[in-house]
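*Asks:* Fold the following and give me the result.
(chains A and B)
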Amino acid sequence: MNKKKLILFPLLAFFLSSCLFDTDDDGLSNWLSDQGLPNNYNVQEVTVNDLTPISADAFLDTAPVNAKVIGLLGARSGLSHDVVFDFAIDSALVAKIQNKDSAATFLYLHLLESFYGDKHLPSGYLPIKENLKINASWIISEKMSKNDVENLRDIKDSIWFHELESWTPQNKADTTLSVTIDMVDSVVYGVSVTVLNEPLVTIELPKALVNDILKKPGYRRLQLRLSVPEASNLYRFYGSANEEFQPQFHVVEKGTLNNLTCFAAHSAELISVQEKCSDCVVLYGGDNVYDSLVVEFPSKPIMKALSDFYGDEFPYTVGDSNDVRQAVVMAELTFFRDDSKGESELGLPVMVVASSYVDSVDASVLRGERYKLNRPLINASGHPNMVFHEGDSLSLQVTIGMRNFINKASDGRTFKMAMRLAQSILLPKDSSYRYFVRQDTIYKDQDKKEIKLIKTDTIPVNFPYSDYARYDFTSIRNKPATLKLWLASKRGDKTAPEKLVGKDGNKSESVVIKDNARGGK
Amino acid sequence: MKKFVSTLLFAVGFSSASMIGLEALGQEQIAGGSAAMAGRGFAGNAKTGDAEGVSVVNPARQAFDTKVMLNLNFLLDVSTADRSNSHYTRSGLSMPSMNLSFPMGDFGTLGVSLWQHYSASIREDIDNEEEMWNAELEYQSSVYELVPTYAIRLPFFRMVSLGASAHFVMGSFNRSLTLGADNSEISKEDAWATIEANVIDRVRGDWKIKNHVAYYTFAAQYRGRMASYFFSFTTPYTLKNELEYNMQFSELDTLEPTRKTREIKVPAMLATGVNYRFNKRHNVMADIAWRAWDRNIDNVAGSWNMSQVTKTQNDFNISIGYQRDGSDIFYESYWDRITYRAGAWYKNWYVEDVSEIGGALGAGFPLGRKGTMLDLSIQGGVRLTDDDHNWSESFIGIRLGLVGVGNWGKTRGQ
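*Replies:* Residues are numbered from 1 along each chain as shown, chains lettered A, B, ... in the order given. Predicted structure coming up:
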């Protein structure tokens, strides 16, 4: 017998013996029960009605934002959107202009075809026809070296944006523009397509600007701001990072071929508020519009509801006071909603996203809430967290924040959450959310045989561009909200008989109690 | 053989099969839990030889060793817990100890052991859609001890040795119970909120000794021509288990855990044993170790209806064993070179009303001529309990010990 066999025999015997050891289907379940442990957790619900906020305030960030990708000019839904460009002026080219009276400056903006040509853009949005009164203001720098002007792009956007916050123009003047945006059918490479009738917007800038440029020879930097506060529409165009369709600034001598072309080294969008209602709680939405409505709720009604439900003391103040007796599985706040005072650009439902203040190390940070889908409800009546949609309520999930709040409520904190207007929804009753819906089509091949084809032409659930919307949330201040909590508790069964029966004589360092959720009574 | 050992090493999950005492300290690995000791019923702490190695119960023994010894131990066991008509079987793989002893002639013997003294390790799940059972329970608790030892024979009474060891305690505790939702108490319309909402009741922490860096064992050994004896005393100590309790959904959860420290007062241990050698290579031996627990152990608990304490009792271990030493002459027959062992033990656990009766057969197989050895023991037995909380258990297991013996530092003729 060799050594291998000597080892293998006991192993074989061991595994054969182990086959004799068997397990019941409910063996582990019974064992867990004897240890005082469950097989699952009971979901419990607590509803807190009439929850009136302590405060509800909106915070709009009006700092300049980048317009490299998409530029925006116009005014809509209570906000005016200005655009600012930073151009490098080449003195040698300017010097070619002989007749100053024939000189003029133009700005070419190429409309954002991907937006205006999007087939999911609501019908009725186009055509746009408008006569605009454009206010142009500018700053022409002192003489610079050729090298500095050519390397104008080296200046960080953030530094330039900071300078823009205190915009003090050297000069300003008005000009007018008649704009028409509409789509026409066309044939491109033999394929019928719908394209913008006139994608290029040409703005002739005030005469004062060209005069100032010609008066100041040498290499210089021109910062030009356009503003249309009286406009009724927004005009989207390709930003300065687009190599093909970027905005162009031209100094021309009419009747000659002299044409100085400049591309923007930087571009920015500046927002200004046109709100007339000073007491209103207004939330603005849109790409690059950073506006949040922060709502703060008192602790007492929430603590009382929990205390009534569990019969325990809330907030928890034993030991380190961190309450882990239960976990919030879901928390949903429902507000009253009245869409009639709001205004949207696209006319589509707009989703509201929630975030909550939670503890992180020694600071309180705002963390986005994960949106969990209530599919049956969405399929029946749409997402519950939308405005500009049927119904009169807005339900927002605040699970992470509520979990953190109950955990640390002993320090006397209030519950704070924030909301923002987010994306526009094309399919409000589609619970697939964020995914594209595929369209299956049937066609017949040469043999008249039906073939199923998954078309690449899909329907997006969200419209890819945000709605520049204004929503009046003033009612939040006086119409109470409802908080619904789904909870998991690790409290024991207070009525369960004590299973642990020990012998007398042993001293115990702690009292045997059944309701023993750590941090329990 | 190499593949077998590699697989075993890879699969070591430091788990134990017993489901008793998980909330307290878990299962104790008796006397270091080596395969050689297990093969003779955990008796033989008094047995001396050229390369008996470290004994965590009797540090004085190693003074009589003459060879360097490295020893790695593995345990594979299967255990079935029973109560009434319910039973549940599980298996575990653990590494109870690693030992190294280094004799230095007249300067005594140094040794070190890494001993998984207590372990509470299970990972089981239950999933039954019909009954809405969805639970996953995991205990991973190990009280490790790093035990440096030193022993020396007395200058004029060479048959007597004294030894001492310090037990530096370390280890971690982790208990997590992951539970799925039972929506029976809420309306159907509200069930959407609990989809993929498993809750984890988690406790974690670490093990330390309170107020001291270590606890200590002192021992004296007498080696006679035929009979050898030892007596050892292990100091009492307090284990400190600093725990964090949380209820969470993921590692990135925002809850601040609540903290609690439990203290376990482990009493002093007295141990003694005898080994009687006859017919040159035959040995019979008996050991006893005893501790008087006078305080109950606070459980980790903190959830649902879990018991707050584990009641304790006087804890003792009585072992008897037999060993026929293998011949160390390499040209003798292989059968003669094998060491044969047999033994049995009765252990009163520290957990009240829990006792263990076990028996084992073992052998030490020489591998090659250079002193490498493979210790193998097969054990079986029962753990008997009197209450509903702890279920009685039947167990079988294999222990494997890899032993390397060398003559480092010795010159020819020594």
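
*Asks:* what helices or strands is the helix or strand containing A:Asp82 leaning on?
*Replies:* Here A:Asp82 sits within strand A:79-89, counting by DSSP states H and E. Applying 3 or more C-beta pairs under 8 Å, 6 or more residues apart in numbering or on different chains; DSSP states H and E, one finds that strand A:79-89 contacts strand A:70-76, helix A:146-150, strand A:220-227, strand A:248-253, strand A:259-273. All C-beta spots, glycine's among them, are computed from the backbone N, C-alpha and C.

*Asks:* tell me which strands and helices the third one is in contact with?
*Replies:* Translated: strand A:220-227. Using 3+ C-beta pairs under 8 Å, 6+ apart, strand A:220-227 is in contact with strand A:79-89, strand A:128-140, helix A:207-215.

*Asks:* Let me know which of the ones you listed is tucked in deepest.
*Replies:* Highest mean neighbour count of these: strand A:79-89, a mean of 24 (counted as mean count of other C-beta atoms under 10 Å in any protein chain shown).

*Asks:* Parallel or antiparallel, list what pairs with that strand.
*Replies:* Strand partners for strand A:79-89, identified by DSSP bridges, are recorded as strand A:70-76 (antiparallel), strand A:220-227 (antiparallel), strand A:259-273 (antiparallel).

*Asks:* I'd like to know the average pLDDT value across the longest one.
*Replies:* For strand A:259-273, the per-residue pLDDT values average out at 93.

*Asks:* Please identify the buried residues of it?
*Replies:* Under the neighbour-count criterion of 16 or more other C-beta atoms under 10 Å in any protein chain shown, strand A:259-273 has A:260, A:262, A:264-271 buried.

*Asks:* of all the residues you listed, which comes closest to chain B?
*Replies:* Among the buried residues of strand A:259-273, A:Ile271 lies closest to chain B (C-beta to the nearest C-beta), at 32.7 Å.

*Asks:* pretty sure that closest one is touching A:Ser80, no?
*Replies:* Yes: counting by C-beta atoms under 8 Å, A:Ile271 does reach A:Ser80; the two are 7.2 Å apart.

*Asks:* about what we covered before: now for the helices and strands packed on strand A:220-227, which one comes closest to B:Glu393?
*Replies:* Closest approach to B:Glu393 among these (C-beta to C-beta): strand A:79-89, 72.7 Å.

*Asks:* neighbours around A:Lys416, how many?
*Replies:* Summarising burial for A:Lys416: neighbours were counted as other C-beta atoms under 10 Å in any protein chain shown, giving 21.

*Asks:* so how far is B:Asn348 from the spatially most central residue of chain A?
*Replies:* Closest residue to the average C-alpha location of chain A: A:Ala422 at 4.6 Å, with C-alpha atoms, centre = their mean. For A:Ala422, the distance to B:Asn348 (C-beta to C-beta, to the nearest Å) stands at 66 Å.

*Asks:* In terms of pLDDT, where does residue 189 sit?
*Replies:* Using chain A. 76.

*Asks:* The intended chain is chain B.
*Replies:* Note on B:Glu189: pLDDT of 93.

*Asks:* List the contacts of it.
*Replies:* A:376-377 (C-beta atoms under 8 Å, 6 or more residues apart in numbering or on different chains).

*Asks:* how about low-confidence regions in chain B?
*Replies:* B:1-16, B:369, B:408-414 (pLDDT under 70).

*Asks:* Just to check, B:Asn275 is in contact with B:His282?
*Replies:* No: using C-beta under 8 Å, B:Asn275 is not in contact with B:His282, being 10.9 Å away.

*Asks:* My reading is that B:Asp336 lies in a strand. Confirm?
*Replies:* No: applying DSSP: H, G, I helix; E, B strand; the rest coil, one finds B:Asp336 to be helix, outside a strand.

*Asks:* The closest residue to it other than its chain neighbours: what's it in contact with?
*Replies:* Distance criterion C-beta to C-beta, 6 or more residues apart in numbering or on different chains; nearest residue to B:Asp336, sequence neighbours excluded, is B:Ser327 at 4.9 Å. B:Ser327 is in contact with B:281, B:336-337, counting by C-beta under 8 Å, 6+ apart.
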